[in-house]
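K.L.:
the following comprises the amino acid sequence and a computationally predicted model.
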Amino acid sequence: MREIHVIGIGAGDPEHLTLQAVRLMRSTDVFFVLDKGEVKSDLTDLRREMLRTHIPEGSYRVVEARDPERDRTAGSAAYSPAVGDWRSARADIYERLIAEELGEDESGAFLVWGDPSLYDSTIAILDEVLARGNVAFAYDVVPGVSSVSALVARHRTGLNRVARPVQITTGRRLAEGFPEGVDDVVVMLDAHQAFRAHTDDDVDIYWGAYLGTPDEILVSGPIAEAAPRIEELRAEARERKGWIMDTYLLRRRP
Ligand SMILES: C[S@@+](CC[C@H](N)C(=O)[O-])C[C@H]1O[C@@H](n2cnc3c(N)ncnc32)[C@H](O)[C@@H]1O
């Protein structure tokens with residue numbers, strides 16, 4: 001039976017890789033690397049570097065494929081169908097990779113950014129491929145250090161306050177308003193700096209970009225003071241590198 005490992009590789013620091021991840025990587029025959037295009041080739045390069053560092057050369061194969069483009073022009077109402085179409089297109093690719101590139105008794109791995117359980121579709125896509133019934137395989141999931149864990153660690157703070165809930169959401173959702181019933185909100189996938197709508201609130205922000213990498217930037221403080229600084233740093237970094245990944249925690253003061 002074919003075997004697949006979905007391996008969380010951490011948020012950017014090669015030292016985030018767990019011993020469990022390295023052990024499984026060493027017994028993997030084929031690594032599937034999905035390229036998102038030149039802009040994010042840094043992320044693909046990091047995966048390749050991890051393989052070179054931890055696995056004896058010649059003991060594995062790397063199979064590259066191009067990730068389908070997602071329709072990011074779709075408005076709020078169309079957002080879920082757009083994501084659904086994109087997942088199906090990815091499922092077609094994963095199905096072909098597993099069926100054609102992996103022998104019946106071989107093991108393959110997808111190296112997933114951060115933790116595979118958090119805003120990542122690899123698990124859902126593999127379930128879709130299995131449900132189609134065209135190719136059989138077993139799969140397991142190896143947890144990784146998420147960008148959320150990396151963010152709070154670098155700011156030397158906790159994710160929640162004593163006995164209080166915390167919510168993890170997207171920039172798109174935050175743009176609809178500060179979530180009710182929580183005072184600690186982590187925001188990911190925010191291309192439009194939705195925090196700017198909350199500069200009048202009694203809120204502190206803990207922001208991090210390129211966490212765990214040599215380009216890491218951290219800013220924290222009362223949001224009214226920190227927001228202009230973040231906007232400036234973000235624009236400058238985005239211009240320089242061509243892409244940005246940032247995450248932040250908004251914490252309402254008691
Ligand atoms: C598709 S999600 C993947 C999240 C990933 N599975 C994780 O556990 O962190 C991509 C989002 O994660 C966040 N992210 C991932 N890596 C990051 C990093 N090194 N620094 C800051 N944010 C990061 C950003 O909010 C980005 O928009």
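P.N.:
That came in fine, so what should we check first? In this text, all values refer to a predicted model and were calculated from it rather than measured experimentally.

K.L.:
Glu236: how many residues sit nearby?
P.N.:
Using other CB atoms under 10 Å, Glu236 has 11 neighbouring residues. Where C-beta positions appear, they are placed from N, C-alpha and C, glycine not excepted.

K.L.:
report the secondary structure state of the residue nearest to Glu101 when sequence neighbours are not counted.
P.N.:
Computed as CB to CB, 6 or more residues apart in numbering, the closest residue to Glu101 that is not its neighbour in sequence is Val63, at 4.8 Å. With DSSP: H, G, I helix; E, B strand; the rest coil as the basis, Val63 sits in strand.

K.L.:
same question for Asp120.
P.N.:
Applying three-state DSSP: Asp120 is coil.

K.L.:
list the contacts for Val187?
P.N.:
Thr169, Thr170, Gly171, Leu174, Ala194, Phe195, Thr247, Tyr248, Leu249, Leu250 (CB atoms under 8 Å, 6 or more residues apart in numbering).

K.L.:
most neighbours of all those, which one?
P.N.:
Tyr248 (27 neighbours).

K.L.:
that one sits in which helix or strand?
P.N.:
For Tyr248, the host element (DSSP states H and E) is strand 246-252.

K.L.:
identify the residues contacting that strand?
P.N.:
147-148, 151-152, 155, 157, 159, 161, 174, 178, 183-188, 190, 195, 198, 201-211, 223, 234.

K.L.:
the same query, at a cut-off of 6 Å, please.
P.N.:
147, 151, 183-188, 203-209 (CB atoms under 6 Å, 6 or more residues apart in numbering).

K.L.:
how about stretch 155-170?
P.N.:
Taking CB under 6 Å, 6+ apart as the rule, stretch 155-170 contacts Val152, Pro179, Val182, Asp184, Val185, Val186, Leu189, Tyr206, Ser220.

K.L.:
what mean pLDDT does the lengthiest helix in the chain have?
P.N.:
Counting by DSSP state H, the longest helix found in the chain is helix 79-101. Average pLDDT, helix 79-101: 85.

K.L.:
can you check stretch 45-57 too?
P.N.:
Rounded mean pLDDT across stretch 45-57 is 87.

K.L.:
picking that back up, list the contacts of the residue nearest to Glu101.
P.N.:
Contacts of Val63 by CB under 6 Å, 6+ apart are Val30, Phe32, Glu101.

K.L.:
at 7 Å instead, please
P.N.:
Val30, Phe32, Leu97, Glu101 (CB atoms under 7 Å, 6 or more residues apart in numbering).

K.L.:
so what's it bridging to?
P.N.:
Using DSSP bridges, the beta-bridge partners of Val63 come out as Phe32.

K.L.:
what about the contacts of strand 246-252, which are in helices?
P.N.:
Ser147, Leu151.

K.L.:
and the two most separated of the contacts of strand 246-252?
P.N.:
Asp183 and Ala209 (23.7 Å; CB to CB).

K.L.:
between the two, who's got more neighbours?
P.N.:
Ala209 (22 against 19).

K.L.:
and for that one, nearest residue in space, chain neighbours not counted?
P.N.:
Once flanking residues are discounted, Ala209 sits nearest to Asp246: 4.0 Å by CB to CB, 6+ apart.

K.L.:
need the per-residue pLDDT for that neighbour.
P.N.:
97.

K.L.:
and it, how many neighbours?
P.N.:
Neighbour number of Asp246 under other CB under 10 Å is 25.

K.L.:
what about it, distance to Ala163?
P.N.:
Distance from Asp246 to Ala163, counting by CB to CB, to the nearest Å: 29 Å.

K.L.:
quick check on the residue of the chain found nearest the ligand: phi, psi?
P.N.:
Per CB to the nearest ligand atom, the residue of the chain with the smallest distance to the ligand is Gly114, at 2.1 Å. Backbone torsions for Gly114, taken as degrees, to the nearest 10, come to phi 70, psi -130.

K.L.:
how about the contacts made by it?
P.N.:
Gly114 touches Gly8, Gly10, Ala11, Gly144, Val145, Ser146, Ser147, counting by CB under 7 Å, 6+ apart.

K.L.:
having no further points to raise, I will conclude here.
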